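> heads up, no residue letters with this:
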């Protein structure tokens with residue numbers, strides 16, 4: 001069974017949303033209209049670890065490099081092995097397994113070298129083995145927590161860690177106890193999170209989702 005590492009909304013047109021999924025065989029584009037899943041297309045073959053998109057570009061983190069679609073095809077950028085990509089205010093950010101964090105225009109510009117593996121990037125927040133850090137115009141500053149597997153900044157920022165699910169209020173506040181591997185939030189307040197055994201959903205309060213996790 002293919003591993004599904006990440007989902008990102010790519011575009012919406014006439015009621016159809018295209019979702020990009022990073023899998024161990026490449027990046028798949030899945031068309032969704034309402035509750036109906038339509039056509040699936042493999043955009044590029046690679047061992048994809050993460051995928052991000054804006055209105056103009058698609059970026060893919062792979063075991064060997066960061067690939068960027070130049071309008072015609074996916075091209076290598078020279079970043080090296082990557083674990084996470086994100087567009088923040090139109091700027092591409094990427095992180096790697098050794099803690100490398102950089103931004104890309106026509107070439108890569110180093111932001112910092114973190115001591116822990118970069119696991120995920122959302123907006124200007126970076127999830128690492130050593131905690132969350134916040135990307136600024138010149139640096140990346142520590143923002144708390146430990147062993148952070150995933151982070152999501154839409155709506156209320158959340159972080160999935162080895163000892164719980166946290167949300168950003170007056171500092172990081174615990175929402176759920178457990179060993180969390182992923183979290184996804186939306187501007188309208190909806191959110192989802194998962195451990196290896198349970199899948200949770202929230203509108204206003206967290207609870208087990210009626211939908212089972214993909215591994216069950």
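Received it, and whenever you're ready, just let me know what you need. Nothing here was measured: the structure is a model prediction, and the numbers come from that model.
> Low-confidence bits of the chain, can you list those?
Confidence mapping of the chain against pLDDT under 70 gives the ranges 1-15, 34-35, 37-38, 210-216.
> let's go with 50 and repeat that
Filtered on pLDDT under 50, the chain yields the residue ranges 1-7, 213-216.
> Please name the bridge partners of the nearest residue to residue 160 once chain neighbours are set aside.
Using Cβ to Cβ, 6 or more residues apart in numbering and skipping residues adjacent in sequence, the residue nearest residue 160 is residue 180, 3.7 Å away. For the C-beta atoms, the positions are set from N, CA and C on the backbone; glycine is no exception. In this structure, residue 180 has the following beta-bridge partners (DSSP bridges): residue 195.
> Please, which helix or strand holds residue 86?
Here residue 86 sits within strand 84-88, counting by DSSP states H and E.
> quick revisit: what sits against the residue nearest to residue 160?
Under the criterion of Cβ atoms under 8 Å, 6 or more residues apart in numbering, the neighbours of residue 180 are 149, 150, 160, 161, 162, 164, 165, 193, 194, 195.
> Packing partners of the strand holding residue 86?
For strand 84-88, the helices and strands in contact under the criterion 3 or more Cβ pairs under 8 Å, 6 or more residues apart in numbering; DSSP states H and E are strand 48-53, strand 58-62, strand 91-95, strand 118-122.
> got a winner among the contacts of residue 180 for most neighbours?
With neighbours defined as other Cβ atoms under 10 Å, the most crowded of the contacts of residue 180 is residue 160; it has 28 neighbours.
> List the beta-bridge partners for that residue.
For residue 160, the beta-bridge partners are residue 150, residue 165 (DSSP bridges).
> wait, it sits on residue 185?
No - with contacts counted by Cβ atoms under 8 Å, residue 160 stays clear of residue 185, the gap being 10.7 Å.
> could you dump the helices and strands packed on strand 84-88 to a markdown table with distance to residue 71 and mean neighbour count?
Formatted as a markdown table, the entries for the helices and strands packed on strand 84-88 read as follows, by distance: least, Cβ to Cβ, whole Å; neighbours: other Cβ atoms under 10 Å:
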| stretch | distance to residue 71 | mean neighbour count |
| --- | --- | --- |
| strand 48-53 | 13 | 26 |
| strand 58-62 | 10 | 26 |
| strand 91-95 | 15 | 24 |
| strand 118-122 | 23 | 26 |
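> Point out the one among those strands that comes closest to residue 142.
strand 118-122 (13.9 Å; Cβ to Cβ).
> Kindly calculate the angle that that closest one makes with strand 58-62.
Compare the direction of strand 118-122 with that of strand 58-62 by axes from the mean of the first three to the mean of the last three Cα atoms, to 10 degrees and you get 170 degrees.
> partners of strand 118-122, with directions?
Paired strands of strand 118-122, with direction, are strand 125-128 (antiparallel) (DSSP bridges).
> And the next helix or strand past the strand it pairs with?
Heading towards the C-terminus - elements assigned by DSSP H and E - strand 125-128 is followed by strand 131-135.
> relative to strand 118-122, how tilted is that following strand?
The directions of strand 131-135 and strand 118-122 differ by 50 degrees, with the same axes, to 10 degrees as the criterion.
> Next, count neighbours for residue 86.
Neighbour count of residue 86, defined by other Cβ under 10 Å: 27.
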